[in-house]
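Visitor: Sharing a model prediction with you, sequence too.
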Number of protein chains: 2
Amino acid sequence: MATGREIAQLCGVSVATVSRVFNQPETVNEETRSRVLRVAKELDYRPNESARALSTKQSTMIGLVWDTDHRRPGWRHPYLQDLLIGLKSALSAHGYHLLMLATSGDAREVGASLADPVGYVNMTRRHHLGGLVLIDSGSDAEAFEAFAQSGVPCVALDVAVDGPRATYVTSDNFGGARDAVRHLVGLGHTRIATITGPPGNQPSDARVSGYRAALREAGLESRDEYVVSGDFYRASGTAATQRLLALESPPTAVFAASDEMAVGALLAARAAGLRVPRDLALVGFDDIEIASVVEPALTTVAQDKPGFGVAAAKAIMAMITGGECEGPLVLPARLVVRESCGAVGDG
Amino acid sequence: MATGREIAQLCGVSVATVSRVFNQPETVNEETRSRVLRVAKELDYRPNESARALSTKQSTMIGLVWDTDHRRPGWRHPYLQDLLIGLKSALSAHGYHLLMLATSGDAREVGASLADPVGYVNMTRRHHLGGLVLIDSGSDAEAFEAFAQSGVPCVALDVAVDGPRATYVTSDNFGGARDAVRHLVGLGHTRIATITGPPGNQPSDARVSGYRAALREAGLESRDEYVVSGDFYRASGTAATQRLLALESPPTAVFAASDEMAVGALLAARAAGLRVPRDLALVGFDDIEIASVVEPALTTVAQDKPGFGVAAAKAIMAMITGGECEGPLVLPARLVVRESCGAVGDG
DNA sequence: AGGGTCTATGTAACCGCTTACGGTGGGATC
DNA sequence: GATCCCACCGTAAGCGGTTACATAGACCCT
């Protein structure tokens, strides 16, 4: 690889000038600049990122904190791939790259884990990362708080954080859930239950609030027995539905806080001999791929999946360049009506 | 952040000694070493990766080449998430991180794209990456070849590459397909068709070979009209199936080279008033999440998804440390029998 | 003509770590 | 007791950039 020094020699200028050509082009004479650029192109010069980072104490990398170790096996993030696509393309536009931080330690003690956010933060400093993207991995709000407080620009997904240079992006969980339940209400249901995510999980809590709000609006009482908690996984949706169906006055419609749980509910209904949507209407949340494929296709609340990545990237870049961080970013959540709610084709 | 110099001063040693403590511990006196380590711990010292990389011309990062830009919208890699989990955990064990390289250019010409592998390769040198992981993104075999030839250790997924320090990891597509079709043969089918991936796609080609081999074994003739090509997407599965059903002597069983296409086939069958598996048996490939959820659940060939990541990481690390690169790694592909082939519970 | 300004460039220190090379002291060897 | 070896450690030269500061010339003004 050609170095700046070589270019300098070939052009008869100093390395400082070469550096300036790339960093403050306006300060160098038109003719000199083009000469340097030409030679640089000929030599296929690429500035050494390590040297640059060492010198400026700033790299062109953003860290991705995604803890996979403590997950339940079988768990899949509902929209990781789209998120990455969005993140990557938005960061690319600024010349930034995404660094997936290693989580477990090794002999050299590179390690970091959510249990030890300090480790991550130090990784961040080690690599002079420009910022951090935190992917919600359950109920790690406390751990995330440590990141947010560290002063490193960071944006969390699906969990509210507070810190000097921290924001978060999340869907309009409240609104999405409210719309879903409104739709059910509009279809004539009065006994509407909900299956929630794990207690304390923020998106889940917001969805429950939306559910409650829609009931209130409609003048329907909200019964505690109709709010049963799951954990976002499919099996919990099945179990929750079984409990609901065993009630003295079982619901005629269920709003599940995740598509996985909605599928679980579907299985439970099927097992109980109920037909969906005729005997039990179902609405999910997330709009994962499965949603459109199950029989009947799942009515659900879709999130702007790549939008998460794009929004996160924008927020990070804003903090890096501007310094000020924006307030929480909430993305629209849109009800997509399919078959499981009994209103095919309706909006 | 504490630097090596600070530690050196506090310990009354030179920076060289501090460096040695971390890189060649055996060359430094027991007592000195523990003193340095203690102070390092107190100061929460973390070596500066940029400086280290600059000095050694080797970073602890592996590049991930995953071109999302030229993809059809809506396309999702069948097992990206598992792949990443596997990759990440295996790399972490060696203290390595995964860098998702930006693909599109910006003002600073950081850019790189599969169309310009040289760009990526330069990114690689810029960051002193230890190696590259190439994710198959269609039929980019030619582009990948350029990476493989660049001399950077690289391992490709699902596409054979050849180069001084390159290997690839793939499933036993041939064996998996053969098992699938054998199973169909064992069920009594004699008119078995296949829906392939895009022509030239290596996993697809191997699956077709497996299909042919199983027919040959069974003494069944392989008719050209029974081999219709798709593109891995769902819609192509539907279209292909329609063509197959319109044949004079339509098949009674279809082996699709991807689950997405199998689902497409399912839809086509349903639309044609056929019941699966009674009127048409179906087997897919990949075992994506959808497979177990559709009605009827899809019999398919499962790949060892996290295994891809782990194998890729191992191969890379072997090349980095050992120098020699291993031959192609082929992971087992296992037939999982569900309902769509008509042999529930059977092995 | 002398002084002030502005532009374009060079000089050199520095970022934090690695490593080749050389030096020191103590024990073993003859 | 001179020699040699070895374990341990320091000195200093990089790695390839960035940037504060200095310099030099051109131009304008009084």
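Guide: Nice, thanks for sending it over.
Visitor: Going by C-alpha atoms from here, please, whenever you check contacts or count neighbours.
Guide: Noted.
Visitor: pretty sure residue A:21 contacts residue A:38?
Guide: No. In this structure, residue A:21 is not within contact of residue A:38 by C-alpha atoms under 8 Å, at 11.4 Å.
Visitor: Could you pull out the strands in chain A for me?
Guide: A:61-65, A:97-100, A:131-135, A:154-157, A:166-171, A:192-196, A:227-229, A:253-256, A:281-286, A:299-303, A:329-331, A:333-336 (DSSP state E).
Visitor: Out of the ones you listed, the one nearest residue B:155 is which?
Guide: When the strands of chain A are compared by C-alpha to C-alpha, strand A:97-100 sits nearest residue B:155, at 18.2 Å.
Visitor: and that closest one, C-alpha only, in PDB?
Guide: C-alpha atoms of strand A:97-100 as PDB (Å, rounded to 0.1, in the frame of the first residue of the first chain):
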ATOM      1  CA  HIS A  97     -18.700   1.000   9.300                       C
ATOM      2  CA  LEU A  98     -20.400  -1.200  11.800                       C
ATOM      3  CA  LEU A  99     -18.300  -3.100  14.300                       C
ATOM      4  CA  MET A 100     -20.000  -6.000  15.900                       C
END
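Visitor: hmm, that strand in reach of chain B?
Guide: Yes. Strand A:97-100 is in contact with chain B by C-alpha under 8 Å from any C-alpha of the partner chain, via A:97-100.
Visitor: what's the answer for stretch A:59-66, then?
Guide: No. Applying C-alpha under 8 Å from any C-alpha, one finds stretch A:59-66 out of contact with chain B, separated by at least 8.6 Å.
Visitor: Flag every buried residue along stretch A:210-217.
Guide: A:210-215 (16 or more other C-alpha atoms under 10 Å in any protein chain shown).
Visitor: Tell me how far residue A:342 lies from residue A:326.
Guide: Here residue A:342 is placed at a distance of 41 Å from residue A:326 (C-alpha to C-alpha, to the nearest Å).
Visitor: more neighbours, the two?
Guide: Using other C-alpha atoms under 10 Å in any protein chain shown as the criterion, residue A:342 and residue A:326 rank with residue A:342 on top: 21 against 15.
Visitor: ok, the more buried one touching residue A:281?
Guide: Yes. Counting by C-alpha under 8 Å, residue A:342 does reach residue A:281; the two are 6.4 Å apart.
Visitor: possible to save the residues of strand A:97-100 next to chain B as CSV with neighbour count?
Guide: As requested, those are exported to CSV (neighbours: other C-alpha atoms under 10 Å in any protein chain shown):
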residue, neighbour count
A:97, 25
A:98, 26
A:99, 26
A:100, 24
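Visitor: which pair in these spans the largest distance?
Guide: Largest pairwise distance in the residues of strand A:97-100 next to chain B, by C-alpha to C-alpha, is 9.8 Å, between A:97 and A:100.
Visitor: residues shared between the contacts of those two?
Guide: B:99-100 (C-alpha atoms under 8 Å, 6 or more residues apart in numbering or on different chains).
Visitor: how about the residues of chain A near DNA strand C?
Guide: A:12-17, A:26-33, A:51, A:54-55 (C-alpha under 7 Å from any atom of the strand).
Visitor: Retrieve the pLDDT associated with whichever residue of the stretch 101-250 of chain A sits closest to DNA strand C.
Guide: For the stretch 101-250 of chain A and DNA strand C, the shortest gap (C-alpha to the nearest atom of the strand) falls at residue A:126, measuring 8.3 Å. Looking at residue A:126, its pLDDT stands at 83.
Visitor: How about it: what's its closest non-neighbour residue?
Guide: residue B:48 (4.8 Å; C-alpha to C-alpha, 6 or more residues apart in numbering or on different chains).
Visitor: Contact partners for the one you found?
Guide: A:125-127, B:3.
Visitor: What is the burial count for the closest residue to residue A:204 other than its chain neighbours?
Guide: Nearest residue to residue A:204 in three dimensions, chain neighbours excluded: residue A:197, at 5.1 Å (C-alpha to C-alpha, 6+ apart). Residue A:197 is flanked by 26 other residues according to other C-alpha under 10 Å.
Visitor: how much space between residue A:197 and residue A:264?
Guide: Residue A:197 is 13 Å from residue A:264, by C-alpha to C-alpha.
Visitor: near chain B, which residues of the stretch 201-347 of chain A show up?
Guide: A:289-290, A:293-295.
Visitor: Count the neighbours of the closest residue to residue A:294 other than its chain neighbours for me.
Guide: Nearest residue to residue A:294, sequence neighbours excluded (C-alpha to C-alpha, 6+ apart): residue B:294, at 5.3 Å. Residues lying near residue B:294 (other C-alpha under 10 Å) number 20.
Visitor: Report the contact partners of residue B:294.
Guide: Counted by C-alpha under 8 Å, 6+ apart, residue B:294 has contacts A:293-295, B:263.
Visitor: Which member of the residues you listed is positioned nearest residue B:77?
Guide: Out of the contacts of residue B:294, the member with the shortest distance to residue B:77 (by C-alpha to C-alpha) is residue B:263, at 15.9 Å.
Visitor: Could you report the distance from the closest residue to that closest one other than its chain neighbours to residue A:306?
Guide: Leaving aside its chain neighbours, residue B:263 sits nearest to residue B:234 (6.4 Å; criterion: C-alpha to C-alpha, 6+ apart). According to C-alpha to C-alpha, residue B:234 and residue A:306 sit 21 Å apart.
Visitor: same check, this time on residue A:26
Guide: Distance from residue A:26 to residue A:306, by C-alpha to C-alpha: 36 Å.
Visitor: likewise residue A:130?
Guide: In terms of C-alpha to C-alpha, residue A:130 sits 21 Å off from residue A:306.
Visitor: now residue A:176
Guide: 17 Å.
Visitor: More neighbours: those two, which one.
Guide: The residue with more neighbours, out of residue A:176 and residue A:306 and counting by other C-alpha under 10 Å, is residue A:176; that gives 25 against 21.
Visitor: show me what contacts that one?
Guide: A:207, A:210, A:301, A:332-335.
Visitor: Let's see that with 7 Å instead.
Guide: A:301, A:333-335 (C-alpha atoms under 7 Å, 6 or more residues apart in numbering or on different chains).
Visitor: need the strands of chain A in JSON lines with distance to residue A:184 and mean pLDDT, can you?
Guide: Shown next, in JSON lines, are the strands of chain A (distance: least, C-alpha to C-alpha, whole Å; pLDDT from 0 to 100):
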{"stretch": "strand A:61-65", "distance to residue A:184": "38", "mean pLDDT": "91"}
{"stretch": "strand A:97-100", "distance to residue A:184": "41", "mean pLDDT": "92"}
{"stretch": "strand A:131-135", "distance to residue A:184": "31", "mean pLDDT": "90"}
{"stretch": "strand A:154-157", "distance to residue A:184": "28", "mean pLDDT": "91"}
{"stretch": "strand A:166-171", "distance to residue A:184": "21", "mean pLDDT": "93"}
{"stretch": "strand A:192-196", "distance to residue A:184": "8", "mean pLDDT": "98"}
{"stretch": "strand A:227-229", "distance to residue A:184": "16", "mean pLDDT": "96"}
{"stretch": "strand A:253-256", "distance to residue A:184": "7", "mean pLDDT": "98"}
{"stretch": "strand A:281-286", "distance to residue A:184": "8", "mean pLDDT": "96"}
{"stretch": "strand A:299-303", "distance to residue A:184": "11", "mean pLDDT": "96"}
{"stretch": "strand A:329-331", "distance to residue A:184": "23", "mean pLDDT": "94"}
{"stretch": "strand A:333-336", "distance to residue A:184": "11", "mean pLDDT": "96"}
